[in-house]
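Peer 1: the following comprises the amino acid sequence and a computationally predicted model.
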Amino acid sequence: MLTDGFNRPHNYLRISLTDNCNFRCTYCMPHENMSFMPSAHLMQQDEIDHIAGIFVQLGVNKIRLTGGEPLVRKDAAAIMEKLAKYNTTLTLTTNGVRVHEFLEVFKKNGITSVNVSLDTLDTQKFARITRRNEFNRVWKNIELLLQNGFKVKVNMVVMKGVNEFEIPDFVALTRNLPLHVRFIEFMPFSGNKWNGQSVFTYAQMLELIAGHYHFTPLAGHPNDTAKKFKIPEHKGTFAVISTVTAPFCATCNRMRLTADGKMKNCLFSAGETDILGALRSGADIVPLIQTCLLHKEADRGGQFTDSFEDLNAATMKNRSMIAIGG
Ligand code: SAM
Ligand code: SF4
């Protein structure tokens, strides 16, 4: 089992398939100068397979495909097929717009749970946030996943002044639909114009929901990033991912591979380890993976301040979210 310097076991790998995307979400992409990686710089199918296989030998038992948008990659289906042979839970995070084209691929490759991002239920606001007019397609695809028996988690990034008023509407969805809605605190990344004022906090979310519903906490798994809640008569649940105000680093079990094959031991790590370069040069990547993990900081890449309001996103050393793989 892979363990970091704080004795935290790591068994969960998130692999970004591409930094490209068919959406242009304002909170995820740099507002200026976004250029996508040339495909020769990306991990190729066999390289993803090879690297994932090594992580599995080292104890990884859960793999999430992400991006950018994982389903825009032309060989996404072939990659899923290759990874399906490992004895892991295989899953993905998607903006949902191409899900209908992949339903059978998911089923064939043992994917039973899909995270879909949706930040608003308002068609026009959706177009403003994502800069694409695709609300109806995404919503239909969420319904399609549910009709086909998938577990569906809906990720909503909550931004103050943009969509926090819709939180109760998202909770209302869980009344008749077995959806698991996750409210994510807005996080700072390179170029996304984050500031402390734009964070609608975990505490504020619970206070807002408490004004509409009576809810109870659900027992979670020790490695959960989300604090989960249930309204007794509702089919679904809701949760909060409170990375900014109440981080869950003490039980973190996650590692990341960017689409160009760099390992990040934390979403906010300043450093990266070039796994793909080493693989291409014929080096043994196992010690690189182990060393990268040993250098993991205790908390959020060591880049956060005690008070999030004092954080200066511009001086944090990181990539944009789209180039990390969320
Ligand atoms: N394209 C896919 C999608 O949108 O689900 C996968 C990649 S996306 C980077 C992964 C997740 O990161 C999404 O749920 C997205 O909403 C979230 N995300 C992106 N930027 C974020 C930010 N600044 N703060 C919090 N979550 C963010
Ligand atoms: Fe694309 Fe997902 Fe980022 Fe939106 S959140 S720009 S869909 S990668």
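Peer 2: That came through, no problem. Numbers count the residues shown, from 1 in each chain. Ligands and ions are numbered 1, 2, ... in the order given.
Peer 1: neighbours around the residue lying closest to residue 304 once chain neighbours are set aside, how many?
Peer 2: Excluding its sequence neighbours, the residue lying closest to residue 304 (Cβ to Cβ, 6 or more residues apart in numbering) is residue 311, at 6.3 Å. For every residue, glycine as well, the C-beta is placed using N, CA and C. By other Cβ atoms under 10 Å, the residues close to residue 311 number 20.
Peer 1: measure residue 311 to residue 305 for me?
Peer 2: Residue 311 is 5 Å from residue 305, where distance means Cβ to Cβ, to the nearest Å.
Peer 1: how about residue 63?
Peer 2: 33 Å.
Peer 1: of these two, which one has the most company?
Peer 2: Neighbour comparison, residue 63 and residue 305: the larger count goes to residue 63, with 23 against 10 (by other Cβ under 10 Å).
Peer 1: would you mind giving the secondary structure of the more buried one?
Peer 2: State at residue 63, reduced to three classes by DSSP: H, G, I helix; E, B strand; the rest coil: strand.
Peer 1: now swap in residue 157 and tell me
Peer 2: Residue 157 - assigned by three-state DSSP - is strand.
Peer 1: residues near it, how many?
Peer 2: Residue 157 has 25 nearby residues by other Cβ under 10 Å.
Peer 1: now the closest residue to it other than its chain neighbours: phi and psi?
Peer 2: Nearest non-adjacent residue to residue 157, counting by Cβ to Cβ, 6+ apart: residue 184, 4.9 Å away. Backbone torsions for residue 184, taken as degrees, to the nearest 10, come to phi -110, psi 130.
Peer 1: tell me the helix or strand right after the host helix or strand of residue 82.
Peer 2: Counting by DSSP states H and E, the element that carries residue 82 is helix 76-83. Remark: after helix 76-83, the chain's next helix or strand is strand 89-94, criterion DSSP H and E.
Peer 1: tilt between the next helix or strand along the chain from that next one and helix 76-83?
Peer 2: Later in the chain than strand 89-94, the nearest helix or strand by DSSP H and E is helix 99-108. Angle between the axes of helix 99-108 and helix 76-83 is 20 degrees (criterion: axes from the mean of the first three to the mean of the last three Cα atoms, to 10 degrees).
Peer 1: what's the helix or strand for residue 50?
Peer 2: Using DSSP H and E, residue 50 maps to helix 45-57.
Peer 1: contacting residues around that helix?
Peer 2: Helix 45-57 is contacted from outside by 2, 13, 15, 17, 43, 60, 63, 75, 78-79, 82-83, 86-88, 255, 257, 261, 275-276, 279-280, 285-286, 289, using Cβ atoms under 8 Å, 6 or more residues apart in numbering.
Peer 1: now do stretch 94-103
Peer 2: Residues from elsewhere that reach stretch 94-103 (Cβ under 8 Å, 6+ apart): 21-23, 25, 69-72, 76-77, 114-118, 130, 132, 134, 137-138, 140-142, 144-145, 148.
Peer 1: does it come close to ligand 2?
Peer 2: Yes: applying Cβ under 6 Å from any ligand atom, one finds stretch 94-103 in contact with ligand 2 at residue 95.
Peer 1: tell me the mean pLDDT over that stretch?
Peer 2: Over the span of stretch 94-103, the pLDDT mean works out to 98.
Peer 1: alpha carbons only: can I get that stretch in CSV?
Peer 2: Extracted C-alpha coordinates of stretch 94-103, given in CSV (Å, rounded to 0.1, in the frame of the first residue of the first chain):
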residue,chain,number,x,y,z
THR,A,94,-18.1,14.6,-16.5
ASN,A,95,-20.0,17.7,-17.6
GLY,A,96,-22.7,15.3,-18.8
VAL,A,97,-23.1,16.6,-22.3
ARG,A,98,-21.9,13.5,-24.1
VAL,A,99,-23.1,10.9,-21.6
HIS,A,100,-25.8,9.5,-24.0
GLU,A,101,-23.1,8.4,-26.4
PHE,A,102,-21.3,6.5,-23.7
LEU,A,103,-24.0,4.7,-21.8
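Peer 1: now the end-to-end length of stretch 273-287.
Peer 2: Chord length of stretch 273-287, first to last residue, is 11 Å (Cα to Cα, to the nearest Å).
Peer 1: got the buried residues for it?
Peer 2: By 16 or more other Cβ atoms under 10 Å, the buried positions in stretch 273-287 come out as 273, 274, 275, 276, 278, 279, 285.
Peer 1: out of these, who's nearest residue 199?
Peer 2: Distance to residue 199 across the buried residues of stretch 273-287 (Cβ to Cβ) is lowest for residue 273, with 30.0 Å.
Peer 1: so who does that closest one touch?
Peer 2: Counting by Cβ under 8 Å, 6+ apart, residue 273 touches 262, 263, 288, 289, 291, 292.
Peer 1: again, but for residue 247
Peer 2: By Cβ under 8 Å, 6+ apart, the neighbours of residue 247 are 299, 300, 304.
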